[in-house]
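Engineer: Structure for this input, please:
(one chain, ligands or ions: 1)
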Amino acid sequence: MTHVHVAIIGAGFSGLCMAIRLRDHGMEDFIVLERAGDIGGAWHDNTYPGCACDVPSALYSFSFAPRPHWTSTFPTQREVADYLHRCADTYGVRPHLRLRHEVLFAKWREEEAYWEITTARETYTANVLIAATGPLSEPASPSIPGLERFAGDVFHSAAWDHTLNLADRRVAVIGTGASATQFIPEIQPIVSRLYVFQRTPPWVMPRLDRRRADWERRLYRRFPVLQRVVRTTIFWARESLVAGLTVNRRLLKPAEWLARLHLHSQVRDPGLRAALTPDYTIGCKRLILSNRYLPAITQANTELVTDAIWAVTPDGIVTEDGAHRLINVIIHATGFEAAHMPIAHRLHGRTSSLAERWNGSAEAYLGTAVAGFPNLFLLLGPNTVSGQNSSLLTMEAQVNYVVDALRFMSRFRVATLDVRRDTQSSFVADVQARMKGTVWLSGCHSWYLDERGRNTTLWPGLTGTFRRRVRRFDPGDYLLRLAPHDADGADLTGKDLI
Ligand code: N01
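Structural biologist: As a prediction, the model looks like this:
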């Protein structure tokens, strides 16, 4: 068994950021365990046609690694993946990567004060475990009666089957979220028939995208401060949405009018328009930015199906009104297990797995630490994702917090850190109290909510507020145990420090 000081699970944005920051602070005794054959996380897995970022490129980079070369306002999946590869090279992370090392099980060993981590290849032990698996790592597929008997092809948008030629096929897309609305305009012109199965219509806003001119990119390269100004401007423009999302929903009305105008200008048929009009407050579910989704739905070879799916037959889909549509390919664009953090089933702390501890509703102090799970840190854990801004900003602040904690541990020879239960409870109570009255709890069903109807995904406030909360690691929030020997060699095993 190999022992390392720190093991990071996941080589997506947050795992790579963590690795880069550890190296910045001279910590080299760590590994990054990644189940895929390459780095990138969600940006490695999601390669569907039209896959792109819906956060402006100026914001979609690490603050310490701005990229002047983005080709447009919203970068494509290929560009983002390429950016991450460059960062891995520039910051010397590659020697730490352990690809195809899916973490199957990790158990906290109390006596040894380390995590024992079983991967698909090897078993490791690590003093500290950092779960950087992200909210969008596990695709969610619908369970529809008869699906297993379907004779055609079936795949999820997050595992696009590029070997399959969709030309002249009869294709069903289940779901109308951010992924579906990006690839539908790409496949609509080539398929013979496209059935879009919509359960809830999304609010769609214009996508203000444009290519960056060469001179612009040269300017950003020459004067990085300009890019920082643009980044800061976009950041604050997005932060200004918080008042409408969390305090006064009337402030969201202008956005709703704009979305209605967009729909009106792109869809002429009143019946189709009605079917595409949401009946919930804008912002309750993730907003869609697209200029091409609605026009694709109006095309002659496309049908928007709003009747619920009843069953799948070997050659098609039957809806509850009894209609049977012949289909060759089914694409699940049904999103991810975001609220459940699937890795929680595999992490076993002092007395239970994280999933058992959470019992259907995730919670963590600062979205980062869970009582009873010593030396475990979560990146982009419960209630950290930004509803209005780039979650990279949240994640970077969390990474700095974890680095602070690790430095504290090594400086004071702390063997274990376990967040205080009451600290965690009062933090969670505060977050959930502030969640009340937000647009995300205004009645729609979304992936932000868990099975108990609690929003355990988003941070209910300004991104800047979260960043301030995690700015400094406070040892008073934790129960600490010292390493076996202090600097003078005295045996301190098991002694509480604070
Ligand atoms: O998934 P979603 P996504 N039967 O959960 C429907 C990020 N992202 O992959 O609304 C029928 O949004 C479901 O219907 P309903 C982004 O944060 C980012 O599209 O629940 N339908 C919905 O329409 C995004 O929010 C980028 O009623 C079913 C759809 O499937 C997140 O990923 C790009 C169903 C799922 O939509 C997820 O997006 C792409 C069922 N059983 C994605 N189950 C960027 O640009 C679900 N649905 C950064």
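Engineer: Quick one: name the residues of this structure near the ligand.
Structural biologist: Proximity of the chain to the ligand (Cβ under 6 Å from any ligand atom) is limited to residues 52-55, 136, 142, 157, 174-180, 197, 199-200, 286, 333-336, 445, 447. (C-beta placed from N, C-alpha, C; glycine too.)
Engineer: Can I get the buried part of the residues you listed as one ChimeraX selection?
Structural biologist: Here is the ChimeraX command that selects the buried residues among these (16 or more other Cβ atoms under 10 Å):
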select :52,53,54,55,136,142,157,174,175,176,177,178,179,180,197,200,286,333,334,335,336,447
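Engineer: among the residues of the chain next to the ligand, which are in helices?
Structural biologist: Per DSSP state H, helices hold the following members of these: A178, S179, A180.
Engineer: before we move on, the earlier item: from the residues of the chain next to the ligand, which land in strands?
Structural biologist: I174, F197 (DSSP state E).
Engineer: Spatially central residue for this structure, please.
Structural biologist: Central residue of the chain (Cα atoms, centre = their mean): P135, 3.6 Å from the mean position.
Engineer: Please state the backbone phi and psi of it?
Structural biologist: P135 adopts backbone torsions of phi -80, psi -10, taken as degrees, to the nearest 10.
Engineer: show me what contacts the closest residue to the ligand within the stretch 301-450 of the chain?
Structural biologist: In the stretch 301-450 of the chain, the residue that lies nearest the ligand is G335 (2.5 Å; Cβ to the nearest ligand atom). By Cβ atoms under 8 Å, 6 or more residues apart in numbering, the residues touching G335 are P139, A140, G175, G177, S179, W447.
Engineer: What of A308?
Structural biologist: A308 is in contact with R199, T319, E320, counting by Cβ under 8 Å, 6+ apart.
Engineer: Now it. Its backbone dihedrals?
Structural biologist: For A308, the backbone dihedrals (degrees, to the nearest 10) come out as phi -60, psi 150.
Engineer: just how off-centre is stretch 295-309 within its chain?
Structural biologist: Computed by Cα atoms, centre = their mean, to the nearest Å, the separation of stretch 295-309 from the middle of its chain amounts to 28 Å.
Engineer: which of the residues in that stretch are buried?
Structural biologist: A296, I297, T298, T302, E303, L304, V305, T306, I309.
Engineer: Please work out the average pLDDT along stretch 38-45.
Structural biologist: Across stretch 38-45, pLDDT averages out at 97.
Engineer: whoops, stretch 344-352 was the one
Structural biologist: For stretch 344-352, the mean per-residue pLDDT is 97.
Engineer: Now do the strands for the stretch 1-150 of the chain: every range, in order, please.
Structural biologist: 2-9, 30-33, 97-98, 103-109, 114-119, 123-131 (DSSP state E, counting those that start in this stretch).
Engineer: from those strands, which stretch is densest packed?
Structural biologist: With neighbours defined as mean count of other Cβ atoms under 10 Å, the strands of the stretch 1-150 of the chain peak in mean count at strand 30-33, which reaches a mean of 24.
Engineer: Name the residues that touch stretch 337-348?
Structural biologist: Stretch 337-348 is contacted from outside by 9, 103-108, 129, 131, 133, 135-140, 353-355, 358, 360, 362, 373, 376, 378, 381-382, 447-451, 456-457, using Cβ under 8 Å, 6+ apart.
Engineer: what's the first-to-last distance across it?
Structural biologist: 20 Å (Cα to Cα, to the nearest Å).
Engineer: Quick one: distance of that stretch to the chain centre.
Structural biologist: In this view, stretch 337-348 has its centroid 13 Å away from the chain centroid, taken as Cα atoms, centre = their mean.
Engineer: Could you list the buried residues of that stretch?
Structural biologist: Buried residues in stretch 337-348, counted by 16+ other Cβ under 10 Å: A338, A339, H340, M341, I343, A344, R346, L347, H348.
Engineer: Can you pull the phi and psi angles for the fourth one?
Structural biologist: If I follow you right, that is M341. When read as degrees, to the nearest 10, the backbone of M341 gives phi 50, psi 80.
Engineer: do the second one as well
Structural biologist: Here the main-chain torsion angles of A339 (degrees, to the nearest 10) amount to phi -80, psi -10.
Engineer: now the helices: where do they sit in the stretch 251-400 of the chain?
Structural biologist: With helices called from DSSP state H, counting those that start in this stretch, the stretch 251-400 of the chain shows them at 253-266, 270-275, 293-297, 354-358, 391-411.
Engineer: Which one of those lies nearest to V439?
Structural biologist: Taking Cβ to Cβ, helix 253-266 is the member of these nearest to V439, at 10.7 Å.
Engineer: by contact count, what packs against the closest one?
Structural biologist: Judged by 3 or more Cβ pairs under 8 Å, 6 or more residues apart in numbering; DSSP states H and E, the packing partners of helix 253-266 are strand 204-205, helix 293-297.
Engineer: ok, the shortest one: who's next to it in the sheet?
Structural biologist: The strands that strand 204-205 pairs with in its sheet are strand 288-289 (parallel) (by DSSP bridges).
Engineer: need the helices and strands packed on helix 253-266 in CSV with mean pLDDT, can you?
Structural biologist: Listed next are these as CSV, based on pLDDT from 0 to 100:
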stretch, mean pLDDT
strand 204-205, 98
helix 293-297, 98
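Engineer: Switch these over to CSV; also include distance to D404.
Structural biologist: As requested, the helices and strands packed on helix 253-266 are exported to CSV (distance: least, Cβ to Cβ, whole Å):
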stretch, distance to D404
strand 204-205, 38
helix 293-297, 43
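Engineer: looking at these, which is closest to H44?
Structural biologist: That would be helix 293-297 among the helices and strands packed on helix 253-266, by Cβ to Cβ, at 24.4 Å.
Engineer: That closest one: how far from the chain's middle?
Structural biologist: 26 Å.
Engineer: Tell me what L97 is bridged to.
Structural biologist: In beta-bridge terms (that is, DSSP bridges), L97 pairs with V32.
Engineer: let me redo that: L326
Structural biologist: With DSSP bridges as the rule, L326 is bridged to G316.
Engineer: isn't it right next to T313, touching?
Structural biologist: No: L326 is beyond contact range of T313, at 9.2 Å (criterion: Cβ atoms under 8 Å).
Engineer: still on that earlier bit, figure out which of the helices of the stretch 251-400 of the chain is closest to G464.
Structural biologist: Judging those by Cβ to Cβ, what sits closest to G464 is helix 391-411, at 8.5 Å.
Engineer: This completes my enquiry, with thanks.
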